[in-house]
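> pasted the sequence and its predicted model underneath.
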Amino acid sequence: MSESELSNADERTMNYGKEKVAVYRTYGTPLEDVRTIPESDFDGRNNILFGLELRMQVEGEEFLPSFSDGDNSMVVATDSMKNFVLHHAGEYDGATVEGFLHFVGSLFLETYSQVDAVQMSADELPFDEQPVPENDAFEASDLVFGVSHGESAFGELYLTRGDDGSAIENHRSGVTGIELVKVKDNSFVGYVDDEYTTLPERENRTLYVAMDIFWTYADSVDALGDDPQRYVPAEQVRDIVQTVFHELDVNSIQELIYQTGLRILERYPQLESVSFEANNRTWIKERDDLDGDGKVLREPPRPTGFQQFSMDRSDLDEEDTA
Ligand SMILES: O=c1[nH]c(=O)c2[nH]c(=O)[nH]c2[nH]1
């Protein structure tokens, strides 16, 4: 159970909706004119093929009779919600996951007055550009895309009825499914050594980390991407983690997370907070008697270690004054 469910224990839970709504849109509006950062060559996305798996959760007091009396007169069928989302994917003229969620969620609130709030979230279904030979070089095909099993952008918005259209009550953006392996220059030493400790200290492990990163903007409108200069692309955040991982000899995943968080907050003054969910998939050394740094490694057994951490601008301020 998440923290928010725990803290709202006194309130009645009542909502319904549709999840796992896969939406594919070809020839969407390109994401252009984003600000570039030193850690990344990402400067935009053509959106020739844009995929999302969306979840829509609808709330409203008027839905109580549907639960208590079997009275469906106010119920918009979840099947219709799916149709609504798919139809309006053809009308959206923006270029981001969050922008689409805002567009569809706001229209839904406008269309159905019995709805008090919608929680919209989506994972991007990513596709890779495929290099093909063109004019004596390799260029990204504008026709053929690879189905990607890598990281993907995430967005979440909680929309209520505002004075003038919808209001963004809460938001969260992210990149999930990052998996990185650094073959050497990682240590894990100095941890508690007592009668339960069997793990040997390692000065140079091969570290395999899986990570999801989430962020919030000081002004939630910046999450939508209408002003691309203030938008934080998931691709750049992914590139920040891999750059920090490349540059630093970290003593733990905890330290990698913290240093990555500082870099993200530094690069994007428009962000309010950043949070991490990581887990450790580090392979087990089978042989290290090879020439040089070579090793043979195998999959780790269960159980799995994890790290969660959230940061805001005060962490950056502390670093500046330290
Ligand atoms: O980066 C790590 N952090 C830990 O807290 C931990 N614990 C452990 O057994 N291995 C690791 N690695």
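Sure, I can see it.
> flag every residue of this protein that's near the ligand.
Counting by CB under 6 Å from any ligand atom, the residues of the chain close to the ligand are 188, 199, 252-254, 280, 305. Every residue, glycine included, has its C-beta placed from N, CA and C.
> now the strands: where do they sit in the protein?
For the chain, the strands defined by DSSP state E cover 16-26, 49-59, 117-124, 127-134, 137-147, 152-161, 166-182, 207-217, 271-280, 284-287, 296-298, 305-312.
> tell me the one among the residues of the chain next to the ligand nearest to Glu91.
Nearest to Glu91 out of these is Ile253 (CB to CB; 42.6 Å).
> identify the farthest-apart pair in the residues of the chain next to the ligand.
The most distant members of those, if one measures by CB to CB, are Leu199 and Gln254, lying 15.3 Å apart.
> more crowded one of those two?
Counted by other CB atoms under 10 Å, Leu199 and Gln254 do not tie: Gln254 has more neighbours, with 14 against 9.
> how deep is Ala95 tucked in, by neighbour count?
Neighbouring residues of Ala95 were enumerated by other CB under 10 Å; the total is 24.
> give the contact list for the closest residue in space to it that isn't next to it in sequence.
Of all residues beyond its chain neighbours, the one nearest Ala95 is Leu31 (3.9 Å), with distances taken as CB to CB, 6 or more residues apart in numbering. Leu31 makes contacts with 44-45, 47, 95-96, 225, 228, 231, 233, as judged by CB atoms under 8 Å, 6 or more residues apart in numbering.
> picking that back up, in TSV, list the strands of the chain along with mean pLDDT and mean neighbour count.
TSV is the format used below for the strands of the chain (pLDDT from 0 to 100; neighbours: other CB atoms under 10 Å):
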stretch	mean pLDDT	mean neighbour count
strand 16-26	98	15
strand 49-59	98	20
strand 117-124	98	22
strand 127-134	95	13
strand 137-147	96	12
strand 152-161	98	21
strand 166-182	98	19
strand 207-217	98	21
strand 271-280	98	20
strand 284-287	94	11
strand 296-298	97	13
strand 305-312	98	14
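> can you add distance to Leu262 and give those strands back as JSON lines?
Below are the strands of the chain laid out as JSON lines (distance: least, CB to CB, whole Å):
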{"stretch": "strand 16-26", "distance to Leu262": "35"}
{"stretch": "strand 49-59", "distance to Leu262": "31"}
{"stretch": "strand 117-124", "distance to Leu262": "26"}
{"stretch": "strand 127-134", "distance to Leu262": "30"}
{"stretch": "strand 137-147", "distance to Leu262": "33"}
{"stretch": "strand 152-161", "distance to Leu262": "21"}
{"stretch": "strand 166-182", "distance to Leu262": "17"}
{"stretch": "strand 207-217", "distance to Leu262": "13"}
{"stretch": "strand 271-280", "distance to Leu262": "9"}
{"stretch": "strand 284-287", "distance to Leu262": "31"}
{"stretch": "strand 296-298", "distance to Leu262": "30"}
{"stretch": "strand 305-312", "distance to Leu262": "8"}
